[in-house]
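Asks: here are the coordinates; sequence isn't available:
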């Protein structure tokens with residue numbers, strides 16, 4: 001697989017496809033277990049907000065996976081999307097050879 005073709009998944013999309021849909025869980029139920037508002041959790045699941053460290057800790061406790069894996073998922077998603085839009089043509093590398 002060509003890494004440039006890899007399309008990382010948003011954590012909210014992962015939560016929806018791995019936990020909500022297969023186990024017939026509602027957003028309100030999981031939000032309650034996470035001790036967050038249903039609207040905040042729905043925003044994450046619907047990819048409207050980013051996953052932050054506090055949510056990574058909550059998800060780790062409630063559904064599993066390490067907090068680091070949750071944050072890495074968000075970071076990979078963000079980096080992939082930024083690579084598509086950022087113009088680095090004016091950024092010039094520095095030669096650090098001695």
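Replies: Done, it's in. The shown structure was predicted, so the numbers you read here are calculated from the model rather than taken from an experiment.
Asks: mind checking the SS state of the residue most central in space within the chain?
Replies: Centre of the chain computed as the mean C-alpha position; nearest residue by C-alpha atoms, centre = their mean is residue 74, 2.8 Å away. With DSSP: H, G, I helix; E, B strand; the rest coil as the basis, residue 74 sits in helix.
Asks: okay but it is in contact with residue 50, surely?
Replies: Yes. Between residue 74 and residue 50 a contact is recorded at 5.7 Å, counting by C-beta atoms under 8 Å. C-beta: built from backbone N, CA, C; applies to glycine.
Asks: What pLDDT does the model give the residue nearest to the centre of the chain?
Replies: At residue 74, the pLDDT value in this model is 98.
Asks: roughly how far apart are it and residue 86?
Replies: Distance, residue 74 to residue 86, using C-beta to C-beta, to the nearest Å: 18 Å.
Asks: Without its sequence neighbours, what residue ends up closest to residue 80?
Replies: residue 8 (4.9 Å; C-beta to C-beta, 6 or more residues apart in numbering).
Asks: Near the one you found, how many other residues are there?
Replies: Other residues lying near residue 8 total 17 when counted by other C-beta atoms under 10 Å.
Asks: From residue 27, how far out is it?
Replies: Counting by C-beta to C-beta, the gap from residue 8 to residue 27 is 22 Å.
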